[in-house]
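Engineer: when you get a sec, could you give me coordinates for this:
(one chain, ligands or ions: 2)
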Amino acid sequence: MKALINSSLRNIAIIAHVDHGKTTLVDAMFRQSGLFRDNQEIEERLMDTMDLERERGITIAAKNCSVLWKDVRINIIDTPGHADFGGEVERALSMADGTILLVDASEGPLPQTRFVLKKALEADLKIIVVINKIDRQDARPDEVLNEIYDLLIDLDATDDQLEFPLLYAVGRDGIAMKTLGEKGKNLHVLLDTILEKIPGPSYDPGAPFQMLVSDLGYSDYMGRLAVGKIFNGTAHSRDSLVCIGEDGKSVPLKVSKLQVYEGIKLKDVDVVQPGDIVVLAGIEKVKIGDTICNRQAPEDLPRISVDEPTVSMEFTVNNSPFAGKEGKYVQSSRIIDRLIKETLLNVAIQIEMVKDRDSVLVKGRGEFQLAILIETIRREGYEFCVGRPEVIYRYENGVKLEPIERLLVDCEERFLGIVTEKLSLRKGKMTNLVNNGKGRVRIEFTVPARTLIGYRDEFLTDTRGTGIMHFLFDGYGVFRGECSSRFTGSIVADRTGNAVAYALFNLEPRGRLFVVPGNPVYEGMIIGEHNRGQDISVNPCKEKKLSNMRAAGKDDNVILSPIKPITLEQSISFIREDELVEVTPLSVRMRKAVLSGQKRRALHASRLKDKGLD
Ligand SMILES: Nc1nc2c(ncn2[C@@H]2O[C@H](COP(=O)(O)OP(=O)(O)OP(=O)(O)O)[C@@H](O)[C@H]2O)c(=O)[nH]1
Ligand SMILES: [Mg+2]
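Structural biologist: Numbering: from 1, shown residues only. Ligands and ions are numbered 1, 2, ... in the order given. Take a look at the predicted model:
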């Protein structure tokens with residue numbers, strides 16, 4: 001029985017679609033709650049502390065911080081908006097008693113708005129709606145408000161949930177107001193609304209200590225750190241407690257340090273109060289979802305549940321001719337250990353050993369999430385190969401099911417034809433079409449997740465960079481039939497050496513090249529995309545014969561078309577089933593899984609023979 005409320009605290013999660021301004025709003029809340037001196041220079045998007053977050057301007061992991069407002073400490077959890085990091089939102093909501101739902105005043109609710117709102121409603125959390133970025137030229141706050149109501153109704157919100165507190169904001173300028181006509185000056189109305197409308201955490205005064213572990217950290221001095229909300233009771237530093245794991249077994253522990261969030265920093269405390277979000281040191285073997293509780297009356301809380309992964313990728317050791325030249329950690333055991341560590345820190349990632357011990361299947365929510373994982377560990381010095389992302393199928397009563405995405409496209413009317421044509425090739429089904437009468441259309445599709453891998457680049461090209469697309473996992477549906485992952489072949493090097501301008505110049509008409517003169521290549525490495533459907537083997541190292549001098553005179557001066565280096569994410573969505581991406585701290589290369597051209601031809605011939613086509 002929960003009877004008391006801790007009114008000196010509030011725990012809120014900020015949720016929204018990607019880029020709707022969550023992290024920027026947290027900055028402004030920091031500034032106005034007196035955390036910094038008025039003239040102190042502070043960085044933008046302070047909570048995006050990871051290198052990759054700063055480079056890409058997106059939030060990847062949910063993070064905690066706090067502000068003090070009118071003697072109440074508001075614990076804030078900033079969450080990522082990108083769909084692939086949805087597990088972070090589910091984890092964050094396990095610590096919150098309420099949420100701020102941000103919606104861009106121009107874009108309105110988008111697929112991830114639906115996802116996060118659904119999760120908040122399921123968790124029965126109080127919601128404050130903030131229509132943000134009302135300074136935008138194309139802001140349409142009234143329509144957006146109607147769309148939010150429609151969304152809530154669509155998600156079966158109760159009458160109580162439909163009567164949400166509503167504010168308008170320009171997060172970047174640190175302004176919020178109750179009505180559109182007002183001229184806001186600061187965020188005071190938002191901070192006051194949080195105190196007024198979001199309940200403080202409730203707890204049972206008679207119950208012993210119980211804390212749900214929602215996040216893990218690490219400190220060089222204190223070792224493993226467990227982060228989470230205290231559901232009941234209090235604890236002191238030096239207390240003897242237990243941790244109940246997934247198997248129900250209790251492991252004893254002694255608290256070595258307790259901390260709470262003060263701004264973006266942590267503050268040591270001797271005692272922690274019920275409802276607070278704390279950082280506890282003193283236990284090594286702890287997992288997200290475990291309960292830390294009293295030794296005398298150990299009772300676990302429901303574990304955090306996150307949606308199942310929908311995409312998998314195979315990680316193998318690098319066996320290319322260049323293996324071991326650039327990476328520090330190359331052995332399979334090191335790679336597997338690193339991936340196991342990731343599953344401890346990230347509840348949305350799972351791994352499974354395959355066939356031999358040299359290969360491991362990594363499962364997640366989407367190829368972008370896996371790409372971020374790959375980028376993170378390659379920067380730590382790891383080197384390995386990954387295969388094409390594959391969706392995870394399910395079978396029900398003998399029927400094959402596949403993950404289906406709900407896709408929302410916003411583009412100029414003139415691109416409607418090409419977009420629908422491409423998506424129907426990819427087994428998409430149109431479910432809605434809205435023409436706003438100003439030259440742009442909004443189209444909704446349901447599309448198999450597997451056929452969307454790699455579609456974004458093509459979509460941007462098709463819409464001359466002006467189209468916007470968002471998609472969100474919609475559930476499992478009946479398999480919609482085979483579809484080629486790419487309609488072009490690969491240009492494959494047939495030997496080891498360095499690429500030469502003359503050879504590349506002659507290859508240019510065959511397709512799009514990925515290498516420049518001087519790049520090292522090896523047999524089986526993919527150096528370009530062929531215009532035609534099948535692969536071709538070529539010699540990119542071929543020098544011009546000296547006897548042929550007069551033919552082209554300025555041999556050394558051939559002018560090659562400039563190329564954009566292909567990124568890790570592009571490589572991952574480019575490769576086909578029989579291809580791999582080789583990842584090292586310095587390079588990203590694509591290759592055939594079977595490097596020898598001769599072996600590939602033999603394999604191809606035997607496949608044709610099996611099909612009776614030789
Ligand atoms: N016009 C306008 N732009 C804003 C406002 N607030 C934020 N932005 C811009 O919107 C972009 C995204 O801001 P973020 O705060 O990173 O958004 P986010 O919701 O944290 O994004 P993710 O964490 O990646 O989901 C940045 O370029 C901001 O400068 C605002 O009030 N008005
Ligand atoms: Mg952010």
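Engineer: contacts, neighbours, all on C-alpha from now
Structural biologist: Fine.
Engineer: what does the stretch 1-150 of the chain have sitting close to ligand 1?
Structural biologist: Neighbours of ligand 1 within the stretch 1-150 of the chain, by Cα under 6 Å from any ligand atom: 17-24, 57-59, 80-82, 132-133, 135-136.
Engineer: repeat the analysis, applying 5 Å as the threshold.
Structural biologist: With the criterion set to Cα under 5 Å from any ligand atom, the stretch 1-150 of the chain comes near ligand 1 through 18-24, 58-59, 80-81, 133, 136.
Engineer: among these, name the buried ones.
Structural biologist: Among those, the ones that count as buried by 16 or more other Cα atoms under 10 Å are 18-24, 58-59, 80-81, 133.
Engineer: quick one: which of those residues sit in helices?
Structural biologist: 22-24 (DSSP state H).
Engineer: against ligand 2, which of those residues make the cut? List them.
Structural biologist: By Cα under 5 Å from the ion, the members of those lying near ligand 2 are Thr23.
Engineer: go through the ones in helices among the buried ones among the residues of the stretch 1-150 of the chain next to ligand 1 and name the one nearest His470.
Structural biologist: Lys22 (18.0 Å; Cα to Cα).
Engineer: once you drop chain neighbours, what's closest to that closest one?
Structural biologist: Ile14 (6.3 Å; Cα to Cα, 6 or more residues apart in numbering).
Engineer: and ligand 2, is the one helix or strand that neighbour maps to touching that?
Structural biologist: Assigned by DSSP states H and E, Ile14 belongs to strand 9-16. No - using Cα under 5 Å from the ion, strand 9-16 stays clear of ligand 2, coming no nearer than 9.1 Å.
Engineer: got the buried residues for that strand?
Structural biologist: Within strand 9-16, the residues that count as buried by 16+ other Cα under 10 Å are 9-16.
Engineer: please apply the same query to stretch 373-388.
Structural biologist: For stretch 373-388, a neighbour-count test (16+ other Cα under 10 Å) marks 374-378, 382-388 as buried.
Engineer: how close does Glu299 get to Gln210?
Structural biologist: Counting by Cα to Cα, to the nearest Å, the separation of Glu299 from Gln210 is 8 Å.
Engineer: anything in contact with each of the two?
Structural biologist: Common contacts of Glu299 and Gln210 (Cα atoms under 8 Å, 6 or more residues apart in numbering): 291, 293.
Engineer: which one's more surrounded, the two?
Structural biologist: Gln210 (26 against 19; other Cα atoms under 10 Å).
Engineer: check which helix or strand the residue nearest to that one when sequence neighbours are not counted maps to.
Structural biologist: Spatial nearest neighbour of Gln210, excluding adjacent residues (Cα to Cα, 6+ apart): Cys293 at 4.5 Å. Cys293 is part of strand 291-294, with elements assigned from DSSP H and E.
Engineer: parallel or antiparallel, list what pairs with that strand.
Structural biologist: strand 210-219 (antiparallel), strand 240-244 (antiparallel) (DSSP bridges).
Engineer: next one: that strand to chain centre, how far?
Structural biologist: With Cα atoms, centre = their mean, to the nearest Å as the basis, strand 291-294 stands 31 Å off its chain's centre.
Engineer: stretch 606-614 now?
Structural biologist: Stretch 606-614 has its C-alpha centroid displaced from the chain centroid by 42 Å (Cα atoms, centre = their mean).
Engineer: and that stretch, what's buried?
Structural biologist: Buried-residue list, stretch 606-614, by 16+ other Cα under 10 Å: empty.
Engineer: stretch 304-322 now?
Structural biologist: The neighbour-count check on stretch 304-322 (16+ other Cα under 10 Å) flags 304, 309-318, 320 as buried.
Engineer: contacting residues around the closest residue to ligand 2 within the stretch 101-250 of the chain?
Structural biologist: Distances between the stretch 101-250 of the chain and ligand 2 by Cα to the ion are smallest at Leu102, namely 11.3 Å. Applying Cα under 8 Å, 6+ apart, one finds that Leu102 lies in contact with 14-17, 20-22, 129-132.
Engineer: closest to Leu408 out of those?
Structural biologist: When the contacts of Leu102 are compared against Leu408 (criterion: Cα to Cα), the nearest one is His17, at 12.9 Å.
Engineer: that closest one: what's it in contact with?
Structural biologist: By Cα under 8 Å, 6+ apart, the neighbours of His17 are 81-82, 102-103, 109-113, 116.
Engineer: what parts of the protein come near ligand 1?
Structural biologist: Going by Cα under 5 Å from any ligand atom, the residues of the chain near ligand 1 are 18-24, 58-59, 80-81, 133, 136, 170-172.
Engineer: what helix or strand is Met430 on?
Structural biologist: Using DSSP H and E, Met430 falls in strand 429-435.
Engineer: nearest to Arg140, of the ones in helices among the buried ones among the residues of the stretch 1-150 of the chain next to ligand 1?
Structural biologist: For these, the nearest to Arg140 is Lys22 (19.2 Å; Cα to Cα).
Engineer: so that closest one sits against Ala16, correct?
Structural biologist: Yes - taking contacts as Cα atoms under 8 Å, Lys22 lies within contact range of Ala16: 7.0 Å.
Engineer: so what pLDDT did the closest residue to ligand 2 within the stretch 401-550 of the chain get?
Structural biologist: Residue of the stretch 401-550 of the chain nearest ligand 2, by Cα to the ion: His470 (16.9 Å). Looking at His470, its pLDDT is 88.
Engineer: burial count for it?
Structural biologist: 19.
Engineer: got it, and Thr158?
Structural biologist: Neighbour count of Thr158, defined by other Cα under 10 Å: 11.
Engineer: and Leu345, what pLDDT?
Structural biologist: pLDDT for Leu345: 84.
Engineer: from ligand 2, how far off is it?
Structural biologist: 19 Å (Cα to the ion, to the nearest Å).
Engineer: reformat the strands paired with strand 291-294 as TSV; add distance to Arg426 and mean pLDDT.
Structural biologist: Output for the strands paired with strand 291-294, formatted as TSV (distance: least, Cα to Cα, whole Å; pLDDT from 0 to 100):
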stretch	distance to Arg426	mean pLDDT
strand 210-219	38	91
strand 240-244	47	93
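Engineer: between the ones you listed, which one is closest to Asn432.
Structural biologist: strand 210-219 (38.3 Å).
Engineer: flag every buried residue along the closest one.
Structural biologist: Buried, per 16+ other Cα under 10 Å, within strand 210-219: 210-216.
Engineer: re earlier: which pLDDT value belongs to the residue of the stretch 101-250 of the chain closest to ligand 2?
Structural biologist: Leu102 is given a pLDDT of 97.
Engineer: for it, helix, strand, or coil?
Structural biologist: Taken by DSSP: H, G, I helix; E, B strand; the rest coil, the conformation at Leu102 corresponds to strand.
Engineer: list the buried residues of stretch 288-306.
Structural biologist: Of all the residues in stretch 288-306, those buried under the rule 16+ other Cα under 10 Å are 288-295, 298-301, 303-304.
Engineer: between which two of those residues is the distance greatest?
Structural biologist: Arg295 and Ile304 (21.9 Å).
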